[in-house]
Each structure stands twice: as C-alpha cells, then as structure tokens.
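**Student:** Output the structure for:
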Amino acid sequence: MILSTGRTLYNYNIGNMTRKTAAIEARQPENFVEVHVEDAARLGIANGDNVRVSTRRGALVVRAHVARKVRPGALWMPFHYVESSTNVLTNDAFDNITRTAEYKACAAVLERVPS
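**Tutor:** As a prediction, the model looks like this:
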C-alpha cells in the first residue's frame, strides 16, 4: 500500500498549540490511519480497530478510520501526534536548495492488531 501524510482540519504541524485546546483534543485525541472500505474489508479491519502500519523505517499501532476519502491501496495519516509520530514511518529526505521536506509518501503494510 502507499502511505501519505498531511494535516487535519483541527491541528497544525505537531500540534504544540492546537493540541492544548480541549475542544480539539476531544475531537481528535490520538493518531489514526484512514483506509479505504474495500481494503479494510479485505484485511478484516473494522472502523476503530487497532492496526499496525509498518514501513521499512518503523511501525506504529493506531486506530483505523475506515472511509472512502482515500483510494483503494492508499493509506493516510496525520503528523500531529508527537507521542505517536507518523514521521518515523516516512523518509526524512529534503531538498538541498530550499530545505523543504520531501513529500511524505512511502510503501506501507497494514495489519489488524488482535485484541
């Protein structure tokens, strides 16, 4: 599968300011991965299940958000959670001229974590 990362509506960067707001923290208290309904069904994953997202750089256990927002074969995760940093899964390369980080996309494996 292909994992990409980004921001949510509720948080900014690593959340050092937005995650101190009670209303935002209540809305999105923990890291998660969005997975397409077809992929979730194929892998036996239900909305809210704990899943392991693994890449060649590392692995994280997060909750699955089963949705149609991502395409089949794609995963999406926010990068706002220091305690569960999605960035440990992605490449840390950057452009030498602009010092801008590479787009955060990489190959990943998704599996359900037994309860």
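
**Student:** OK, contacts around residue 58?
**Tutor:** 88-89 (CB atoms under 8 Å, 6 or more residues apart in numbering). Every C-beta, even on glycine, is put in place using the N, C-alpha and C of the backbone.

**Student:** ok, what's across the strand from it?
**Tutor:** residue 55 (DSSP bridges).

**Student:** Kindly give the local confidence score, pLDDT, for it.
**Tutor:** With respect to pLDDT, residue 58 scores 93.

**Student:** change the start of the numbering to 481 and stick with it
**Tutor:** With the count now opening at 481, the last piece we talked about shows up as residue 538.

**Student:** which regions of the chain lie under the pLDDT threshold?
**Tutor:** Along the chain, segments meeting pLDDT under 70 span 489-508, 580-583.

**Student:** in it, which spans are helices?
**Tutor:** For the chain, the helices defined by DSSP state H cover 502-507, 517-523.

**Student:** nearest spatial neighbour of the spatially most central residue of the chain, skipping sequence neighbours?
**Tutor:** Taking CA atoms, centre = their mean, the centroid of the chain lies closest to residue 557, which sits 1.9 Å from it. Among residues not flanking residue 557 along the chain, residue 566 sits closest, at 4.5 Å (CB to CB, 6 or more residues apart in numbering).

**Student:** How many residues are close by the one you found?
**Tutor:** Per other CB atoms under 10 Å, the neighbour tally for residue 566 reads 23.
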